[in-house]
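Asks: I'll drop the sequence and a predicted model, then ask my questions.
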Amino acid sequence: MSSKDNVRTPADATAKQTRSRMSPRGRASDRGERDPNRQGLALEALIQNLEDLLTIDSDYHRIRSRLESLETESLFIIERAVSQSPIKTHSITHRVKELESARTKLRRPASSSLKLADLRDLVGIRIVVLFLSDLPLLLETIRASFDVIEEDDKITASGSENAFGYMSHHLIVRLPQRARGPRYDDIGDIPFEIQVRTILMDAWANVSHYLDYKGDSSIPLPLRRDFYALSGLFFIADKHFELFFAQSQQSQQQAEQLVANESPSSIPLDLDTLQAMLRTRYPDREEATRSELSDAVEELTQHGFNTIDDVEQMLERHSATFLAEETALIESDEATYGGQGDIFFSDVGVLRISLRQDAGDER
């Protein structure tokens, strides 16, 4: 061996220092990665996780048809109850929780000990109403229609006065005791969730969900002022929609008094006064919807009608012609279909035909 072979280079020194700095913990970690006990525990955890998923999948597919039946029955009950009440709904949506959503919920730490059958929102219904005053009526309707297990009021709950935030009333319910028999045996004991909110609460919830802000702490500091300002605007708008609705109801009552007691020439033409006049003039005819009457008001004003007196005079001018046209239609209907009756048109129908005749006279 030559003397050159015994010379230590800087690279040799660096390599030795690197080996000497390797900690015993680092070497133990290397050994731990090959520890069969740890590998066995990891494998057991993986197997258990797969078994849990298979159990969830199996349970879900086993009860899916029952959940769909429960969804159908509960939706029928609530839609029928709401239709028989003065509640003004914007929408009624419903769903059966999808398998992946159920898996995700059961994987959460707070739900780790739960099974699929423990979830109480596998079937969900959300009812969105127009006004705040509809909420108590709807809640009473739900309580009368189902057996309520639990309620969570996120609208009037403590702290909600600080910000509009997420506001909704959640109920966990079952089909009522009276819903028993073969049709309900498989679904009568399954709990499900009903959520109730106004249209503005729903809009805020949807926007907040899209932005993924779950609470105040998750909102970046520069955005909080705008966030709170927006929530305040939604809250005020909800209150003012309710106030406007109450004033609209009051206006309708006042219009009925005006039409009954005042001279027609002094009564301005608008939706409420037109409705009151037609009800008084044609009590036996079918009443038009307020939407139809609103269209009629726009058409009347375009033709230069400004007061209730203007409209009544026009109806008087064409009364005989209208009645002759209606009688001919009734006779034709009886001859063709065997129908009976002496009234063919609704109150707004009389108005529109008379207005058409008036426009023809002008031409």
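Replies: Yep, that arrived. Numbering: from 1, shown residues only.
Asks: CA only for contacts and neighbour counts going forward, please
Replies: Noted.
Asks: show me where this structure has its helices.
Replies: Residue ranges of the helices in the chain, as given by DSSP state H, are 10-21, 24-33, 36-83, 99-107, 134-145, 199-211, 221-261, 271-281, 290-302, 308-317, 319-337, 347-362.
Asks: Leu175 is nearest to which of these?
Replies: Distances from Leu175 to each of those were compared by CA to CA, and the smallest falls on helix 36-83, at 7.1 Å.
Asks: could you list the low-pLDDT ranges of the stretch 251-363 of the chain?
Replies: Under the criterion pLDDT under 70, the flagged ranges of the stretch 251-363 of the chain are 333-342, 361-363.
Asks: what's the residue nearest the centre of the chain in contact with, if anything?
Replies: Closest to where the C-alpha atoms of the chain average out (CA atoms, centre = their mean) is Val128, at 3.6 Å. Under the criterion of CA atoms under 8 Å, 6 or more residues apart in numbering, the neighbours of Val128 are 89-92, 196-199, 202.
Asks: run through the bridge partners of it.
Replies: Going by DSSP bridges, Val128 is paired in beta bridges with Ser91, Arg197.
Asks: cool, and Asp153?
Replies: Applying DSSP bridges, one finds that Asp153 bridges with His169.
Asks: right, and it touches Ile172 too?
Replies: No - between Asp153 and Ile172 no contact is recorded; they are 11.6 Å apart, counting by CA atoms under 8 Å.
Asks: of the two, which one has the most company?
Replies: Taking neighbours as other CA atoms under 10 Å, Asp153 and Ile172 compare with Ile172 leading, 19 against 14.
Asks: wait, isn't that one in contact with Val196?
Replies: No - look at Ile172 against Val196 with CA under 8 Å: they stay out of range, at 11.6 Å.
Asks: single out the most deeply packed of the helices of the chain.
Replies: Of all the helices of the chain, helix 271-281 has the most neighbours on average by mean count of other CA atoms under 10 Å, namely a mean of 20.
Asks: quick one: that helix to chain centroid distance?
Replies: Per CA atoms, centre = their mean, to the nearest Å, the displacement of helix 271-281 from the mean C-alpha position of its chain is 33 Å.
Asks: so what touches it?
Replies: Where contact means CA under 8 Å, 6+ apart, the residues beyond helix 271-281 that reach it are 251-252, 255-256, 258-259, 267, 287, 290, 293-294, 297, 308, 347-348.
Asks: so which of the residues you listed comes closest to Val82?
Replies: Proximity to Val82 was ranked across the contacts of helix 271-281 by CA to CA; first place goes to Arg290, at 20.1 Å.
Asks: what separates that closest one from Asp134, distance-wise?
Replies: Between Arg290 and Asp134 the computed distance is 19 Å (CA to CA, to the nearest Å).
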